[in-house]
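*Asks:* below are the sequence and a predicted model; questions follow.
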Amino acid sequence: MLGRAGRLEEAEMLITEVVNPDLVLWRTLLSACKIHRNVEMAEEIKRKILEIAPGDEGTFILMSNLYATTGKWNKVIEMKSEMKEMKLKKNPAMSWVEVD
C-alpha cells in the first residue's frame, strides 16, 4: 500500500523491520519503484533481492523494464547481457480460457 502511494522510503523501512524479509516483500517494493520510476532505490532493492535469490529472473526483468521506461537503454542491454550470462530467460506468459 505504501509503495503504491509512492511512499517508497516508508515501505523500505517497514520491510527492514521484518525479521527475515523475503523475496515477495522486496519484489513488491521493486515493482513500486518501477511504477514511480525511482531508479536509485530500485538498484538498492535489486542488490538486496539478489543476495536472497541470485538467479531471480523476475528481478532482472523488472529492472530492465524500469530502465526502458526511463530511457536508460544501455542499462537495458546490461540487464539482458547479465541474464544471458546467467542463462536466465523470461518465461512467456499464458492464460487459459474455458469455453463451454
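*Replies:* Perfect, I can see it now. Residues are numbered from 1 along each chain as shown.

*Asks:* CA atoms for contacts and neighbours, from now on please.
*Replies:* Fine.

*Asks:* the protein: helices as residue ranges?
*Replies:* Ranges of helices within the chain are 8-17, 23-35, 39-52, 57-69, 73-85, based on DSSP state H.

*Asks:* out of those helices, nearest to E98?
*Replies:* Smallest distance to E98 across the helices of the chain (C-alpha to C-alpha): 28.0 Å, for helix 57-69.

*Asks:* so what touches stretch 85-99?
*Replies:* Stretch 85-99 has contacts (C-alpha atoms under 8 Å, 6 or more residues apart in numbering) with 55, 57-58, 61, 83.

*Asks:* which ChimeraX command selects the buried ones in these?
*Replies:* In ChimeraX, this line selects whichever of these come out buried by 16 or more other C-alpha atoms under 10 Å:
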select :57,61,83
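
*Asks:* would TSV of the contacts of stretch 85-99 with pLDDT and distance to V24 be doable?
*Replies:* Below are the contacts of stretch 85-99 laid out as TSV (pLDDT from 0 to 100; distance: C-alpha to C-alpha, whole Å):
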residue	pLDDT	distance to V24
G55	87	14
E57	90	13
G58	90	11
I61	92	15
M83	89	20
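
*Asks:* I'd like the contacts of stretch 85-99 as CSV, with distance to V39 appended.
*Replies:* Formatted as CSV, the contacts of stretch 85-99 follow (distance: C-alpha to C-alpha, whole Å):
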residue, distance to V39
G55, 20
E57, 18
G58, 16
I61, 14
M83, 19
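
*Asks:* hmm, which two among the contacts of stretch 85-99 are most spread apart?
*Replies:* For the contacts of stretch 85-99, the farthest-apart pair by C-alpha to C-alpha is G55 and I61; their separation is 11.6 Å.

*Asks:* tell me where the model's unsure across the chain.
*Replies:* By pLDDT under 70, the weakly predicted segments of the chain are 1-2, 19, 92-94.

*Asks:* give me the neighbour count for W73.
*Replies:* By the criterion of other C-alpha atoms under 10 Å, W73 has 14 neighbours.

*Asks:* which non-adjacent residue is nearest it?
*Replies:* Once flanking residues are discounted, W73 sits nearest to Y67: 6.6 Å by C-alpha to C-alpha, 6 or more residues apart in numbering.
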